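Visitor: Kindly return the folded structure for what I paste below:
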Amino acid sequence: MTMKSDFIWMDGELVPYDQATVHVLTPTLHYGLGIFEGIRAYATPKGTAVFRLKEHLERFLNSAHIFGIRDFPYSVEDLRQAVHETIRRNKFQACYIRPLMYMEGSLGLNLDASRPRVSIATWEWGAYLGEEALEKGVHMTVSSFTRQHINVSMTKAKLAGNYVNSVLAKTLAVRSGYDEAIMLDPEGYVAECTGENLFFVRDDVIYTPHRATILEGITRDAVITLARDLGYRVVEEPISRDQLYIADEVFVCGTAAEITPVSMIDHRQIGAGKRGPVAEILQKTFFQTVKGDGKRSSEWLDYV
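Guide: Predicted coordinates for the structure are as follows:
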């Protein structure tokens, strides 16, 4: 993957890629004081379309509010227009989009001593866990690192500092020969992966962890909606790790991962050891939707 593009949007101005810089003394670099989103745009017969852009930008502003930012300088519509402009200037038909709020000002642990700035970068990016994984699935492990307690950090905000937790779990998993890590909440129940929400299937019922300790994924919401459109029952409840071992299917979802099946967990084969029928139909429906040919396309796609 290369993150190269011609321009990056920096506080209202499109700046050449190599000039889109931030000072080394930004509080964000030192203390993790940042907020971000991950968004995808897809090529469709009607042109480039961003998937659920409004919802992503609303979560971006909600994250700033949860974090405690006062007087955030941009509205959802301001940022929507900026995303469109950045995609157009970079001439991407399909791309990944990364809005970032970072802080500028003096170093210190008081949020009010600095002010928020916003950048928007775009780049071309394929399947996060690999194209082959979309069919064959990936091997995951249950991590020894626990997801943050709800009163240790803010689990409903996409805070940059929160992702140290994900980096530790992901790096250990990959170094140990796995593709990804599943993280448990402080009570020992399944929470989510390092960058994806998780589902499992048993007897044609789809289960997913409740929302208390997870980031409420926008792709997760789309999967639940599409599954119910297809007639599946979806249950949100506490899930134990051994429920995953005996599931008919396990799959994960996220902006980067889209919908990716899980073939093994902790060296235990899941179901048939490859993509199952529920994940397959959800993948098909999801990709039809994001490429402009689905029941939900008209409400979820924002054309550039």
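
Visitor: Could you check how far D221 is from D18?
Guide: 37 Å (C-beta to C-beta, to the nearest Å). Placement of C-beta: from N, CA and C, glycine included.

Visitor: Neighbour count for these two, which is higher?
Guide: For D221 versus D18, neighbours defined as other C-beta atoms under 10 Å are more numerous around D221 (14 against 8).

Visitor: quick one: the more buried one is in a helix?
Guide: Yes. Counting by DSSP: H, G, I helix; E, B strand; the rest coil, one finds D221 located in a helix.

Visitor: for it, what are its contacts?
Guide: By C-beta atoms under 8 Å, 6 or more residues apart in numbering, the residues touching D221 are E55.

Visitor: do you know how far it is from A94?
Guide: Taking C-beta to C-beta, one finds D221 at 22 Å from A94.

Visitor: for K54, same thing?
Guide: K54 is 19 Å from A94, by C-beta to C-beta.

Visitor: Same check on G12?
Guide: For G12, the distance to A94 - C-beta to C-beta - is 25 Å.

Visitor: So if I had to pick from these two, which one is more boxed in?
Guide: Comparing G12 with A94 by other C-beta under 10 Å, the one with more neighbours is A94, at 17 against 11.

Visitor: Settle this for me: K274 is touching K136, isn't it.
Guide: Yes. In this structure, K274 is within contact of K136 by C-beta atoms under 8 Å, at 5.6 Å.

Visitor: Secondary structure element holding K156?
Guide: Per DSSP states H and E: K156 is located in neither a helix nor a strand.

Visitor: For it, give me the pLDDT.
Guide: Note on K156: pLDDT of 92.

Visitor: is it true that it touches L215?
Guide: Yes. Using C-beta under 8 Å, K156 is in contact with L215, at 6.9 Å.

Visitor: what about the two, which has more around it?
Guide: Taking neighbours as other C-beta under 10 Å, K156 and L215 compare with L215 leading, 23 against 16.

Visitor: Quick check: that one vs D78, distance?
Guide: Taken as C-beta to C-beta, the span from L215 to D78 is 24 Å.

Visitor: for P16, same thing?
Guide: 22 Å.

Visitor: Would you map the strands across the stretch 151-300 of the chain?
Guide: 180-184, 190-193, 197-202, 205-208, 233-236, 249-254, 258-265, 268-269 (DSSP state E, counting those that start in this stretch).

Visitor: Name every strand pairing with the fourth one and say which way it goes.
Guide: Based on DSSP bridges, the pairing partners of strand 205-208 within the sheet are strand 197-202 (antiparallel), strand 233-236 (parallel).

Visitor: thinking again about what came up before, please say which of P16 and D78 ends up with more neighbours.
Guide: Set side by side, P16 and D78 show more neighbours around D78, with 13 against 10, by other C-beta under 10 Å.

Visitor: looking at this, the more buried one is in a helix?
Guide: Yes. According to three-state DSSP, D78 belongs to a helix.

Visitor: Check it and give its pLDDT.
Guide: 98.

Visitor: before we move on, what about the one 5 residues further on?
Guide: Listed pLDDT for V83 reads 98.

Visitor: correct me, but A212 touches I150?
Guide: Yes. In this structure, A212 is within contact of I150 by C-beta under 8 Å, at 6.6 Å.

Visitor: Now do the buried residues in the lowest-mean-pLDDT helix or strand in the chain.
Guide: Lowest on mean pLDDT, DSSP states H and E among the helices and strands of the chain sits helix 133-136, with a mean of 88. Of the residues in helix 133-136, A133, L134 count as buried by neighbour count, 16 or more other C-beta atoms under 10 Å.

Visitor: Could you list every helix and strand in contact with that helix?
Guide: strand 258-265 (3 or more C-beta pairs under 8 Å, 6 or more residues apart in numbering; DSSP states H and E).

Visitor: Just checking: what are the partner strands of the strand it packs on?
Guide: Note on strand 258-265: by DSSP bridges, its sheet partners are strand 138-142 (parallel), strand 249-254 (antiparallel), strand 268-269 (antiparallel).

Visitor: ok, and which of those strands has the densest surroundings?
Guide: strand 249-254 (a mean of 27; mean count of other C-beta atoms under 10 Å).

Visitor: would you put the C-alpha positions of stretch 31-45 in PDB?
Guide: Below are the C-alpha coordinates for stretch 31-45, written out as PDB (Å, rounded to 0.1, in the frame of the first residue of the first chain):
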ATOM      1  CA  TYR A  31       0.000  12.600  23.800                       C
ATOM      2  CA  GLY A  32      -2.200  11.000  21.200                       C
ATOM      3  CA  LEU A  33      -4.600  14.000  21.200                       C
ATOM      4  CA  GLY A  34      -6.200  13.300  17.800                       C
ATOM      5  CA  ILE A  35      -9.400  12.100  16.200                       C
ATOM      6  CA  PHE A  36      -9.800  10.300  12.900                       C
ATOM      7  CA  GLU A  37     -12.100   8.500  10.500                       C
ATOM      8  CA  GLY A  38     -11.700   5.800   7.900                       C
ATOM      9  CA  ILE A  39     -14.000   6.200   4.900                       C
ATOM     10  CA  ARG A  40     -14.100   4.500   1.500                       C
ATOM     11  CA  ALA A  41     -15.200   5.800  -1.900                       C
ATOM     12  CA  TYR A  42     -16.100   3.300  -4.600                       C
ATOM     13  CA  ALA A  43     -16.200   3.400  -8.400                       C
ATOM     14  CA  THR A  44     -19.800   3.000  -9.700                       C
ATOM     15  CA  PRO A  45     -21.500   3.300 -13.100                       C
END
